[in-house]
Each structure stands twice: as C-alpha cells, then as structure tokens.
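Student: Fold the following, please.
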Amino acid sequence: MEGKSITAKWYAVYVKSRFEKKTASLLERDGVTVYLPLITTVKQWSDRRKKVDEPLFKSYLFVYTDLRNYFDILNTVGVVQFVRFEGKPVDIPENQINAIREYVGQVAVSNEEISIAGLQLGQKVIMKYGAMKGIVGNLLEFKGKQWIVVNFEMFGRKLPVQVDKSMVEPVSD
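Tutor: Numbers count the residues shown, from 1 in each chain. Next up, the predicted model:
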C-alpha cells in the first residue's frame with residue numbers, strides 16, 4: 001500500500017493566556033517553525049511609559065508543521081489545543097499568513113509618533129471646561145480623531161476618562 005504524502009501547513013494553536021512568547025520559544029527550541037505576530041504598543045504606568053511587544057491575537061500563535069508533530073506540539077508547555085473544525089485541526093492558507101505579516105508591518109508605526117492637535121501620548125493636560133475644569137491628568141489614549149482618554153488621579157486612584165480633545169490643553173512646564 002502506498003503511503004500518503006505528508007506536507008507541512010500552517011495551523012493556529014490556542015495557548016494559555018500570556019504564554020504566547022514562552023510557548024513560541026519552547027516550540028522553536030524543539031525545531032517547530034512558529035509565527036507569533038507581535039505589535040509594539042506604548043504602555044503607560046503612573047511612573048513611566050514603555051514600549052511593549054504584544055501578540056496581535058491574544059492566546060494564539062501559528063505553527064508550520066505536518067500533523068506527525070501534532071502530539072509533540074500539544075504536549076508543549078502552554079499549548080491548550082489546535083484550532084479545530086469538526087474535530088480536525090484547520091490548516092491556514094499561506095496567503096492569510098502573509099496578509100497578517102503585511103498588516104503587522106504596516107502597524108509598526110509607534111503610538112509615540114501619533115498626535116492629535118499637538119497632543120502626545122503621556123503628555124500632561126489640563127481640563128479647560130466643565131465640572132473637572134483645572135484638573136490635570138496624563139493623556140493615555142487616542143480614540144479616533146475627536147476623543148481622547150485622560151488618566152486623572154482623584155481620591156488616591158487613577159481614573160481614566162474619555163473626553164473631547166477640545167476640552168483639554170497641554171500643561172506647560
């Protein structure tokens with residue numbers, strides 16, 4: 001009886017939350033081709049800002065393998081399951097993986113470089129109008145062209161508030 005030819009394909013693998021990088025590293029160590037699409041974001045803490053590489057798809061990564069390695073991959077720390085349909089692992093077309101790679105390349109523009117009307121992420125701003133007039137906070141996030149999220153410290157706690165960008169102005173040092 002003639003054996004069926006086995007060829008490698010891309011598969012999506014579901015992994016434990018926040019285990020994407022660790023699991024990808026372990027699989028690569030074992031000789032598996034892995035693609036973990038990462039995007040760089042700027043995280044704001046109360047005392048600092050830092051660029052962080054985060055998975056584009058939380059709890060997922062892609063492996064290029066034939067199914068002879070199925071159980072070895074499943075037994076890797078962090079792996080929960082292959083993405084399946086009707087009980088069988090679903091292969092992902094190469095053109096979809098390439099589209100993801102292209103998208104990640106386009107998203108590589110850092111949030112630090114984004115500004116709206118002279119405002120920058122992490123910048124101190126002051127409310128100009130309304131009940132919060134005069135309160136200073138840090139610009140945390142842009143929400144489209146008109147809205148921003150400002151992190152105010154009130155009552156000893158951080159309070160993120162979404163406001164119209166016209167309601168704030170930069171605080172001059």
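Student: So which elements touch the longest helix seen in the chain?
Tutor: Using DSSP state H to define each element, the chain has its longest helix at helix 94-107. With contacts defined as 3 or more CB pairs under 8 Å, 6 or more residues apart in numbering; DSSP states H and E, the secondary structure elements packing on helix 94-107 are strand 9-15, strand 33-35, strand 38-44. To be clear about C-beta, it is placed using only N, CA and C from the backbone, and glycine gets the same treatment.
Student: Buried deepest among the ones you listed, which one?
Tutor: strand 9-15 (a mean of 20; mean count of other CB atoms under 10 Å).
Student: which helices and strands sit right next to that one?
Tutor: Packing partners of strand 9-15 (3+ CB pairs under 8 Å, 6+ apart): strand 60-65, strand 79-82, strand 91-92, helix 94-107.
Student: from the chain's centre, how far out does that strand sit?
Tutor: Centroid separation for strand 9-15 versus its chain: 18 Å, with CA atoms, centre = their mean, to the nearest Å.
Student: Check which strands are paired with it and give the direction for each one.
Tutor: With DSSP bridges as the test, strand 9-15 is paired with strand 60-65 (antiparallel), strand 79-82 (antiparallel), strand 91-92 (antiparallel).
Student: Since that was my last question, I'll sign off now.
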